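> here's a sequence, model it:
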Amino acid sequence: MIGRLITLALSMFLAFAPQLADAHGGVVEEDDICVIKVNYLRAHFKIYQPRESGHEQFCEDLPVAGESVFVMEYMHDALQSMPIEFRIIKNVTGKGRFARMEHVAAIDDLEAVTVFYSEPVQEPDVYTLTHTFTEEGDFIGIVAARNPETGALYAAVFPFEVGFTGWGYWPLILGLLVLTHILYLAMSGRFRRWFKSPTPAALVLCAALLQASPAAHADEFVVTFSTLDGPPQINRMHSWILHVETTAGEPVEGAVIEVDGGMPAHNHGLPTRPRVTEELGGGDYRLDGIRFHMSGYWEMVISIETDASEGTVVVSLTL
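Numbers count the residues shown, from 1 in each chain. Presented below is the predicted three-dimensional model:
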């Protein structure tokens, strides 16, 4: 029975894994660097929104509509001799992030859905262009390079969002995990045993769902947090509710709270400067301006000062 469950779970995962691993088409993240693959040709790929985000780099999805600078730094010298063509179209394929070249080729009128086009041009070392998005939505970038000697055309597509607020494919992954666990409980007979016991299974489920928020401790304080906009997401501004209490369990009110942090492994700080904008009472504080720009291990360093004491609490999370 358990063997059949494992087989089913693996089948479900393998059915979706190729799509998930290749969900962004020609652009992939390698060692915290975005790389675009145009057939066998590769280039470092990044996007800037200087008016909105200064020098911050984006891999694909952009937080807002506005002026956007696309940059490709060649990793293959062959790209220096190839005219490169760049096009941005509205994603009308119905495939979302799973759109591929064959889906683009199936569009009847490519010009009708084109929002930006740059004629083929040969650039040494680095290829750059600027486009100003006037609206948010789903788009597809198309990069093509032609070998001047053989005439061979190499191309890559990458779906992306402007005004990115989506959860990507995390809901699908979490749904598969929950379904697998439910199947295990059902096939192992635990559901039947629970419902025959004095404690109904519903109470067990409620207890799991209502477990305490992640807590961080210092000598004087205990800090827990909850998010107002769902789980933290990459390149999305969101807010937290911090709950601060003493180690004796008393809520801390009237505190001065400052927040810093970053990624210790990469030796860089937060891309924004989060700050407490409101004290809600009962030891609760609203923290705004939080954004994480890449996946990995993060630390939020929360400094707390009251009339009676002060301390620093480190909240750890992995995205």
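> tell me which residues are up against stretch 293-305.
Here stretch 293-305 makes contact (CB atoms under 8 Å, 6 or more residues apart in numbering) with 32, 56-58, 216, 218, 220-221, 223, 234-235, 242, 244, 252, 255-266, 271, 274, 292, 310-319. Just so you know, the C-beta spots here come from the backbone N, C-alpha and C atoms, and that holds for glycine as well.
> alpha carbons of it, as CSV, please.
Output of stretch 293-305 as CSV, limited to C-alpha atoms (Å, rounded to 0.1, in the frame of the first residue of the first chain):
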residue,chain,number,x,y,z
HIS,A,293,15.2,40.2,-4.2
MET,A,294,16.6,36.7,-4.3
SER,A,295,16.0,33.3,-2.9
GLY,A,296,18.1,31.8,-0.1
TYR,A,297,18.8,32.3,3.7
TRP,A,298,17.9,35.7,5.1
GLU,A,299,18.3,37.3,8.6
MET,A,300,16.1,40.1,9.8
VAL,A,301,17.9,42.0,12.7
ILE,A,302,15.4,43.7,14.9
SER,A,303,16.7,46.1,17.5
ILE,A,304,14.2,46.9,20.3
GLU,A,305,14.6,49.7,22.9
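> got the buried residues for that stretch?
293-294, 298-302, 304 (16 or more other CB atoms under 10 Å).
> check those residues and tell me the two furthest apart.
Largest separation among these by CB to CB: M294 and I304, giving 27.3 Å.
> dig out what I290 forms beta bridges with.
As for beta bridges, I290 partners with H238 under DSSP bridges.
> that one against N235, yeah?
No. Using CB atoms under 8 Å, I290 is not in contact with N235, being 11.8 Å away.
> so between the two, which is more surrounded?
Set I290 next to N235 and count neighbours by other CB atoms under 10 Å: I290 wins out with 23 against 19.
> the helices in the stretch 201-319 of the chain, which residues?
201-209 (DSSP state H, counting those that start in this stretch).
> what about the strands in the stretch 151-300 of the chain?
153-162, 215-217, 221-227, 238-246, 256-263, 268-269, 275-281, 284-290, 297-305 (DSSP state E, counting those that start in this stretch).
> return the member of those having the minimum mean pLDDT.
Lowest mean pLDDT within those: strand 215-217, at a mean of 62.
> buried ones among the contacts of stretch 293-305?
Burial by neighbour count, 16+ other CB under 10 Å: within the contacts of stretch 293-305 this picks out 56-58, 216, 218, 220-221, 223, 234-235, 242, 244, 252, 255, 257, 259, 261, 263, 271, 274, 292, 311-313, 315.
> on that earlier part again, can you redo the buried residues of stretch 293-305 as a markdown table with distance to P124?
Shown next, in a markdown table, are the buried residues of stretch 293-305 (distance: CB to CB, whole Å):
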| residue | distance to P124 |
| --- | --- |
| H293 | 30 |
| M294 | 29 |
| W298 | 38 |
| E299 | 41 |
| M300 | 43 |
| V301 | 44 |
| I302 | 48 |
| I304 | 53 |
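> so which of those residues comes closest to L153?
Of all the buried residues of stretch 293-305, L153 sits closest to M294, with 32.9 Å by CB to CB.
> got the domain boundaries for this protein?
1-23+169-207, 24-162, 212-318 (automatic domain parsing).
> what are the boundaries of the strands in the stretch 1-150 of the chain?
Under DSSP E, counting those that start in this stretch, the stretch 1-150 of the chain gives strands at 27-30, 33-38, 41-48, 57-58, 67-74, 84-90, 114-121, 126-132, 137-146.
> can you redo those strands as TSV with distance to R286?
Below are the strands of the stretch 1-150 of the chain laid out as TSV (distance: least, CB to CB, whole Å):
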stretch	distance to R286
strand 27-30	32
strand 33-38	33
strand 41-48	30
strand 57-58	27
strand 67-74	31
strand 84-90	37
strand 114-121	38
strand 126-132	34
strand 137-146	31
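> among those strands, which is nearest F98?
Taking the strands of the stretch 1-150 of the chain one by one with CB to CB, strand 137-146 is closest: 11.2 Å.
> just checking: what are the partner strands of that closest one?
Sheet pairing for strand 137-146, assigned by DSSP bridges, gives strand 84-90 (antiparallel), strand 153-162 (antiparallel).
> so where's the stretch 51-200 of the chain shaky on pLDDT?
164-173, 175, 181, 184-200 (pLDDT under 70).
> ok, now with 50
166 (pLDDT under 50).
> in this protein, which residue is closest to the centre?
I234 (3.4 Å; CA atoms, centre = their mean).
> from what I can see it touches P63, true?
No. With contact defined as CB under 8 Å, I234 does not reach P63; the gap is 10.2 Å.
> quick one: residues contacting the closest residue to P120 other than its chain neighbours.
Closest residue to P120 in three dimensions, ignoring its sequence neighbours and counting by CB to CB, 6 or more residues apart in numbering: P83, at 3.6 Å. Counting by CB under 8 Å, 6+ apart, P83 touches 120-122, 145-146, 148.
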